[in-house]
Every structure is written in structure tokens, then in C-alpha cells.
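Asks: Got a predicted model here, sequence first, then my questions.
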Amino acid sequence: MPDLLEVHVFGGKIGESIALKLPDDRWGVVDYYTPILGDPGSNPTLQFLRSKKVTRLEFVCLTHPHVDHFQGMSFLLETFPVRQFWIFGAMTHARLHNRVGMILRLKAESSNLNKADAEATSELVEILDKVYQRAKQGSLRLIRLQLEQHLMTLPTNPALTITALGASGRSTTMYEDSLDACFDHDDEGKVLVAKVRNVNHNQISGGLLIEYGQSRIILGGDIEKAGWREAMRCFESQNRLASTLVKVSHHGSANGYCRGLWGVLSPNKSAHAVVTAYTMQRLPSKKGLSHIRKHAKAVTTTSKTAVALATGRIRKFARSTFGVTSANALLALQNRFPVAHEPSDLLLGRCSLRFNNDGTFTTETDGEAGRI
């Protein structure tokens, strides 16, 4: 039986996590979101890793400092020994990562998020403290994600390589400047709240390019237009972005791709796309999803119901179909057809793809996941 590369994408109404099983049986995790903050053991990615008898991780990758990509990651770091930690490129020193944590907290509070969501933002500092301490002790290797940064080569046959996508040095500098602008230069303890909204954490989002024979996988993090333009300048001439699988960046937002990108990612509609939702921000957007469908061979999501909520399909369906129906009849229909109402659960699902080195693969979905 050939050695397979496995990609398992988890998501629900918010957040995403990706577990990778490499052909030599080592495991890695890219981003990590725990839906129930007070119950870290409930994380579906953690449960999946435990079900596979995983005892250690070759790497953990944090693409950028948004809560829906790191909530609960500190527990993951306590649960498994981790050999490498790959982190978005702007984390250059302790003062800076404390600033990022402060800005995240202020953004959460100004967005009227609940207390738990606001408190979750402070976890970033805890995660980075653990990582830096272990790196100093020599028990963990810390690598910052920068465009074209080589991350790993496995001596398999054929070799598997992992390369960083974004952010460029220019994007990192712009991001750090936007952070600096939030603090009074005469009193560093004073935050200029009006400047906080100008900080865009997606500006430094990293991603991964995984190459294994004829199989090419892109995990797009939350990379936006500028980041993709830079990636195209670096990789397009070598045709390295033509993919078998694309984990769609920024939850299917229209900002998650630039002009011409999907023609490069999926020439002749060759790529399978996986979308994770973010219903509070109405992602994926109708525009973004329509654009991806035009170019991808197939589109799968970790949560069909979450996508329907984000794009308004559920509300439209309930209103147009049942608009003149009595309340009792509507309730009965909603119980019979769950798509007609907004569920209260987490809408979790998993998309799993297993790749041979010749570019062929199989797919499996679980929970709310499926084709859209």
C-alpha cells in the first residue's frame, strides 16, 4: 500500500483546524480552534488525534493571530510534545507579541463580543510564552513563516516538501507599523483606540504549500489579496501553485483571492476546494463562493448548514417557502426539514482527503461536512 498524505479539515459555525498525517506517519496541526472555551477536551481535532493514537506532533503551525485560528491551542501544546512551531512572521520579540494580544483584546471589546470571547484573545500571549520558553530550552524549534521559507523536507520517495506562503517582508513591516501606530510614542502604556481598527491581522497570515510527487496542497490560512499577489510573483513562473487541493483562504471571502489567482490555483478546473465558514462575518460570501465554484473541480465545506446560514440560503428558504404557513405547521416543517431554521448547535464537520503521490486522492466527510 502506498504511503499516503492525509489532510483533515475541521470546522463549524466559526473557526478551523487542520490535522496532517505525513507519509512517514508523523502528524502536524495547522491552526486550532476549540468551539467551547471552557471545555478544551471537546475540541474535535484533539478527539480525532487521540482516536488515531497520536502521542506527539512533528509541528504546529499558527498562521496568524485571530481567535478563530488559535482558541484552545495552549491546551494542545500541553497535551502533545511538539518538535517544531511555525508562526506568522511578525512575532519578532516579546514586546511585539504583547502588543498583538492587547490589540486583540481591544478589538474584541469594541466589537461587543461576550466576555468569554474577549478573554480568549489573551490566550495568544500564553501560547507564545510557552513556545518561546521551549525554544530557549531547546526542546522546540521555532520557525517564522515568511514567503518562500522552506519548512520541511521528508526523505520519502518521492520527497515531500513544505514551503511557507506569505507574508512577505513588506507585509510584515506594514503590519508592525500599524501596531506601533496604536500606541502613544510618549507613553507606551497609552493606547490610541481610534487606530486599533486599522490593524488587519490577515495582513500577516501565512499559509503552506505542500508538494508530494504529483500531489500539491495549498492551505491558505486567511491570506488576502496582497498576500496572494506576492505569492503569485514568487511561485507562478514555476507553476508551483497549480493544486490538487486548496483549503480556501479567509473562509471564502471575496478578499481571500486576487485577480487571476484561481486560474493559477486550478488550471482547467483541476483543484478540489475546501471551505470553512465564519457565520458571524457571513462567510463564505456569495461572491466569493461563486468565484471559487467557477474555477474549482469540486467544492466541499466542513459545514453545509453554516454555509447556508452565512450566505442567507436558510433564511430565504424559510421565508419564501413558508411565508404564509401557520406557526404550528411551520414548526412541524422545521422539525422535518432542519435546513428551514437556524440550529443552535456548533454545526461541526470534517473533510478528509488522502493523497497518493501520483496526484490521485480519496475524500471522506463526517458530521455537517459535504459538497456544496
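Replies: Yep, that arrived.

Asks: Quick check: closest non-adjacent residue to residue 79.
Replies: For residue 79, ignoring the flanking residues on the chain, the nearest one in space by CB to CB, 6 or more residues apart in numbering is residue 46 at 6.8 Å. Just so you know, the C-beta spots here come from the backbone N, C-alpha and C atoms, and that holds for glycine as well.

Asks: which other residues reach the helix or strand hosting residue 363?
Replies: Applying DSSP states H and E as the criterion places residue 363 in strand 361-367. Applying CB atoms under 8 Å, 6 or more residues apart in numbering, the external contacts of strand 361-367 come out as 215, 244-245, 272, 300, 302-303, 348-355.

Asks: Pairing partners for that strand, with directions?
Replies: Paired with strand 361-367 in the same sheet, following DSSP bridges, are strand 349-355 (antiparallel).

Asks: avg pLDDT for the strand it pairs with?
Replies: Strand 349-355 shows a mean pLDDT of 99.

Asks: With stretch 302-320 instead?
Replies: Mean per-residue pLDDT for stretch 302-320: 77.

Asks: and residue 182, what pLDDT?
Replies: So, for residue 182, pLDDT stands at 71.

Asks: same question, residue 199
Replies: 73.

Asks: hang on, it packs against residue 177?
Replies: No: at 10.1 Å, residue 199 does not count as touching residue 177 under the criterion of CB atoms under 8 Å.

Asks: Tell me which of these two has more neighbours.
Replies: Legend: neighbour count by other CB atoms under 10 Å for residue 199 and residue 177, higher for residue 199 (19 against 10).

Asks: Spatially, what comes nearest to the more buried one if we skip its sequence neighbours?
Replies: Once flanking residues are discounted, residue 199 sits nearest to residue 178: 4.9 Å by CB to CB, 6+ apart.

Asks: Quick check on that neighbour: phi, psi?
Replies: phi -70, psi -30 (degrees, to the nearest 10).

Asks: picking up where we left off before, list the buried residues of the strand holding residue 363.
Replies: The neighbour-count check on strand 361-367 (16 or more other CB atoms under 10 Å) flags 361, 365-367 as buried.

Asks: And stretch 262-276, by the same measure?
Replies: Residues of stretch 262-276 classed as buried: 262, 264-266, 271-276 (neighbour count, 16+ other CB under 10 Å).

Asks: Okay, and which of these map to helices?
Replies: If you go by DSSP state H, the buried residues of stretch 262-276 have 262, 264-265 in helices.

Asks: What is whichever strand or helix holds residue 60 packed up against?
Replies: For residue 60, the host element (DSSP H and E) is strand 57-62. For strand 57-62, the contact count by 3 or more CB pairs under 8 Å, 6 or more residues apart in numbering; DSSP states H and E identifies strand 27-30, helix 73-79, strand 82-88, strand 150-154 as packing neighbours.

Asks: still on that earlier bit, and which of the buried residues of strand 361-367 is nearest to residue 154?
Replies: For those, the residue nearest residue 154 by CB to CB is residue 361; the value is 17.9 Å.

Asks: Distance check, the residue nearest to the closest one when sequence neighbours are not counted against residue 245.
Replies: Nearest residue to residue 361, sequence neighbours excluded (CB to CB, 6+ apart): residue 355, at 4.4 Å. For residue 355, the distance to residue 245 equals 8 Å [CB to CB, to the nearest Å].

Asks: mind listing the strands for the stretch 51-200 of the chain?
Replies: 57-62, 82-88, 141-145, 150-154, 160-165, 183-184, 187-191 (DSSP state E, counting those that start in this stretch).

Asks: Out of those, which is closest to residue 225?
Replies: Residue 225 sits nearest to strand 160-165 of all the strands of the stretch 51-200 of the chain, at 13.6 Å, using CB to CB.

Asks: List the buried residues for the closest one?
Replies: Quick answer for strand 160-165 (16+ other CB under 10 Å): 160, 162-165.

Asks: ok, back up a step: burial of the residue nearest to residue 79, as a residue count?
Replies: 23.

Asks: Doesn't it belong to a strand?
Replies: No: going by DSSP: H, G, I helix; E, B strand; the rest coil, the assignment for residue 46 is helix, not a strand.

Asks: where does this structure dip in pLDDT?
Replies: Where the chain drops to pLDDT under 70, the residues are 1-2, 90-121, 183-198, 315-344.

Asks: what residue is smack in the middle of it?
Replies: Residue closest to the mean C-alpha point of the chain, counted by CA atoms, centre = their mean, is residue 221 at 4.3 Å.

Asks: Quick check: that one touching residue 63?
Replies: Yes: the pair residue 221 and residue 63 qualifies as a contact (CB under 8 Å) at a distance of 3.5 Å.
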